[in-house]
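In: Have a look at this prediction, sequence included:
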Amino acid sequence: MIARRSFEIRSFEISRSFETWAVISGSLLAGAAYAWFAGEDINWDWRNYHDYNAFALINGRYDQDVAPAGIHTFLNPLAYLPAYLLRHHVAAPYWGMLLGAIHGLNLALIYWFSRLVLNGAASALTIAAAVVIAAFGPMTLSEVGTSFADILTALPVIAGLGLIVSANARHRTRHLVAGILIGAAVGLKLTNMVFFLGAAASLLFAARPLMALSFFSIGGAIGGLGTGGAWAWTLWQQFGNPLFPFYNTIFRSSEAPLMTMADGRFLPHNLWDAATYPFYWLIGDHRSSEGPFRDPRFAILFVLFAANAGASLLYKIRVFARRDKQFLLFFAVAYGTWLFTFSIHRYAVALELLSAPLIVLLLSRLLRALQYESPRTDRLPRSNLAALAAAAAIALWSQSADWSRRPWSDPYQPLLSGALLNPAAYVLIEKAVGYIVPLLPSDSRAYQLADILLPIVPGGSLDRRVRSGLAKPPPGGVWALHLRGSPPRQNLLDDYGLQFDASRSCETIPGAAGVDIEACPLIAASQARPPLASVEPDKR
């Protein structure tokens, strides 16, 4: 009897291990396949700062160039290293597929997380439904195989939350590690702070809230300093602001305007507007994003939560278990903070992924409540059918966003003309052309003059660096970079005593997104030849 029991346990462990590795392998393959299908990433942020920031970190360019990507130059570059290293050291399309495979691991985490939170309602079908809902998320799909950090940092956020909801009163280490993971996500990308706040709020329903919050906070400090501490220290030493140029009304660096820098384009106008956002997304109104998408997830969550609350009041039963409440409070706090701080849909990729198990959870709890059953009752067969139907409907209705891609049959591999092969000083008078800087000769220098949010302060250290570099440029001289077809912006050059050299022609650098880059030679205004005056013929 004992031998048989041991055999059954061993068989179960082998089966579970095989299932885990099958899910991980399937997630990797799904991400790689979608990245191959979608094409090469050429999103605007990659063209502006994703590629440049990683390049500058590796090559020590931050104390030589001056903000080629404008205000975004000063964001933590660590989050963009994986995409940069793969793109520049692995051939196409394999670099994109490898990056997509990494992003695909989010589905494996959703599978694991769903097993945790669904508990008694967990079955092969309900878990599969959650994974399908997550896999077809509009923002999730749009970022698979791209340089965006949102989908990459969703990995530690989901893992950290999973540790929180699986912990009991004895699991102090889980809260510590959860803090490290989510804190590391914040250090890499500050907008992830909304998830840290949501996770901290969820600990109010922990078995021992004070202990859990203490260990989580310690872990958060470790994780945040581990991924963002060195970068914050660099900014503090150079500019006196560890978050430069943001929050400069607090730190008051002389190199940035004393103003609040925030993108308020997508914020709701009032509480009613905020409440209706999910229903706008349902019908394809993309007021939280630059490009179109359609997403029913958040509207369904609103309806399901309201239905569960109504059933709880009507039947006077306890619908949610403690773990459910932790998950719900995390989601509500993170979503609300995101909505009223950014409302930029890309920043909510982690919530989009986590909405999948939450939809299945709320659906199963509602069906159980309608049958007057306890939250501890085993799963119901009808939960499987309802979850599968919801997953199919959501997947079919969802429409992915698009941040620009090009076919893998035509990968971006530009060649520079002979005139640009010598190191030179380049002034950037338009965005986004930061992705061209890594293509230039290694001793070249790049200075951005066109950023509206972060104009170069006259007499500051950045201004002095620009003037010094232009006074003694590398052998190739001084050039201006801008998008072809754009009017020349001579006003940006006037402060530095430069003007376009009409005696030489501009060079063209093929652009990644269908618009080429022009490199036009510049000369000192004092060296320019005055136009010949027209002379009236002598009529005597």
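Out: Arrived safely, thanks for sending. Residues are numbered from 1 along each chain as shown.
In: which helices and strands does the host helix or strand of Leu351 pack with?
Out: Applying DSSP states H and E as the criterion places Leu351 in helix 349-370. Here helix 349-370 touches helix 94-118, helix 124-135, helix 138-143, helix 150-166, helix 297-315, helix 322-341, helix 381-397, going by 3 or more Cβ pairs under 8 Å, 6 or more residues apart in numbering; DSSP states H and E. Quick note: C-beta positions are derived from backbone N, CA and C, even for glycine.
In: and Val433, how many residues sit next to it?
Out: 27 (other Cβ atoms under 10 Å).
In: could you dump the lengthiest strand in the chain to PDB, C-alpha only?
Out: In the chain, taking DSSP state E as the definition, the longest strand is strand 517-524. Only the C-alpha atoms of strand 517-524 are listed here, as PDB (Å, rounded to 0.1, in the frame of the first residue of the first chain):
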ATOM      1  CA  ILE A 517      17.000  61.000 -42.800                       C
ATOM      2  CA  GLU A 518      18.900  63.900 -44.300                       C
ATOM      3  CA  ALA A 519      22.300  64.900 -43.100                       C
ATOM      4  CA  CYS A 520      23.100  68.400 -44.200                       C
ATOM      5  CA  PRO A 521      26.500  70.100 -43.800                       C
ATOM      6  CA  LEU A 522      26.700  73.200 -41.600                       C
ATOM      7  CA  ILE A 523      29.200  76.000 -41.500                       C
ATOM      8  CA  ALA A 524      29.800  78.900 -39.100                       C
END
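In: Give me the distance between it and the centre of its chain.
Out: Counting by Cα atoms, centre = their mean, to the nearest Å, strand 517-524 is centred 34 Å from the centre of its parent chain.
In: coming back round to it: so which bits of the helix holding Leu351 are buried?
Out: By 16 or more other Cβ atoms under 10 Å, the buried positions in helix 349-370 come out as 349-369.
In: coming back round to it: please identify the pairing partners of the longest strand of the chain and their relative orientation?
Out: The pairing partners recorded for strand 517-524 under DSSP bridges are strand 478-483 (antiparallel), strand 498-500 (antiparallel), strand 507-509 (antiparallel).
In: which of those is buried the deepest?
Out: The highest average neighbour count among those, using mean count of other Cβ atoms under 10 Å, belongs to strand 478-483 at a mean of 22.
In: From Met211, how far off is His171?
Out: According to Cβ to Cβ, to the nearest Å, His171 and Met211 sit 10 Å apart.
In: ok, these two, which is more surrounded?
Out: More crowded of His171 and Met211, by other Cβ under 10 Å: His171, with 19 against 14.
In: For that one, give me phi and psi.
Out: phi -90, psi 70 (degrees, to the nearest 10).
In: distance of the most centrally placed residue in the chain from Gly137?
Out: Among the residues of the chain, the one closest to the centroid is Asp150, at 2.5 Å (Cα atoms, centre = their mean). As judged by Cβ to Cβ, Asp150 and Gly137 stand 11 Å apart.
In: go on, Ala392?
Out: 15 Å.
In: burial count for the residue lying closest to Asp443 once chain neighbours are set aside?
Out: Closest residue in space to Asp443, ignoring its immediate chain neighbours: Pro423 at 3.6 Å, by Cβ to Cβ, 6 or more residues apart in numbering. Counted by other Cβ under 10 Å, the residues lying close to Pro423 total 17.
In: Let's see the distance spanning stretch 257-268 from one end to the other.
Out: In stretch 257-268, first residue to last residue: 26 Å (Cα to Cα, to the nearest Å).
In: Can you check what pLDDT the model gives the residue lying closest to Ala419 once chain neighbours are set aside?
Out: Spatially, and ignoring its direct neighbours in sequence, Ala419 is nearest to Glu507 (5.2 Å; Cβ to Cβ, 6+ apart). Note on Glu507: pLDDT of 95.
In: Can you tell me who Glu507 pairs with across the strands?
Out: Counting by DSSP bridges, the residues bridging with Glu507 are Ala519.
In: wait, it sits on Leu415?
Out: No - between Glu507 and Leu415 there is no contact under Cβ atoms under 8 Å: 11.4 Å.
In: returning to what we had before: now the strands paired with strand 517-524 in TSV, please, with extra columns for distance to Ala83.
Out: Shown next, in TSV, are these (distance: least, Cβ to Cβ, whole Å):
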stretch	distance to Ala83
strand 478-483	22
strand 498-500	34
strand 507-509	21
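In: The ones you listed: which one's closest to Leu85?
Out: Minimum separation from Leu85 across these (Cβ to Cβ) falls at strand 507-509, 22.9 Å.
In: Which residues does the closest one contact?
Out: 414, 416-417, 419-420, 436, 439, 479, 484, 516-520 (Cβ atoms under 8 Å, 6 or more residues apart in numbering).
In: hmm, try it at 7 Å
Out: Strand 507-509 is contacted from outside by 414, 416-417, 419-420, 436, 484, 516-519, using Cβ atoms under 7 Å, 6 or more residues apart in numbering.
In: swap in stretch 393-403?
Out: With contacts defined as Cβ under 7 Å, 6+ apart, stretch 393-403 is touched by 43, 132-133, 136, 138-139, 141-142, 146, 284, 289, 291, 293-297.
In: Buried subset of the residues you listed as a PyMOL selection?
Out: Applying 16+ other Cβ under 10 Å to the contacts of stretch 393-403 leaves a buried subset, and the PyMOL line that selects it is:
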select buried, resi 43+132+133+136+138+139+141+142+146+289+293+294+295+296+297
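In: hang on, the earlier thing: nearest to Leu339, of the strands paired with strand 517-524?
Out: Going by Cβ to Cβ, the one of the strands paired with strand 517-524 nearest Leu339 is strand 478-483, 33.9 Å.
In: Let's test this: mean pLDDT of that closest one, rounded?
Out: Rounded mean pLDDT across strand 478-483 is 96.
In: got it, and stretch 72-82?
Out: 97.
In: Next, the contact list for Asn106, please.
Out: 151, 154-155, 158, 353.
In: make it 6 Å
Out: Taking Cβ atoms under 6 Å, 6 or more residues apart in numbering, we find Asn106 in contact with 154, 353.
In: Report pLDDT for it.
Out: Per-residue pLDDT puts Asn106 at 98.
In: Over to Thr337?
Out: 98.
In: who are the neighbours in contact with the residue nearest to it when sequence neighbours are not counted?
Out: Leaving out its chain neighbours, the residue that sits closest to Thr337 by Cβ to Cβ, 6+ apart is Val194, at 4.3 Å. Shown in contact with Val194 (Cβ under 6 Å, 6+ apart): 334, 337-338.
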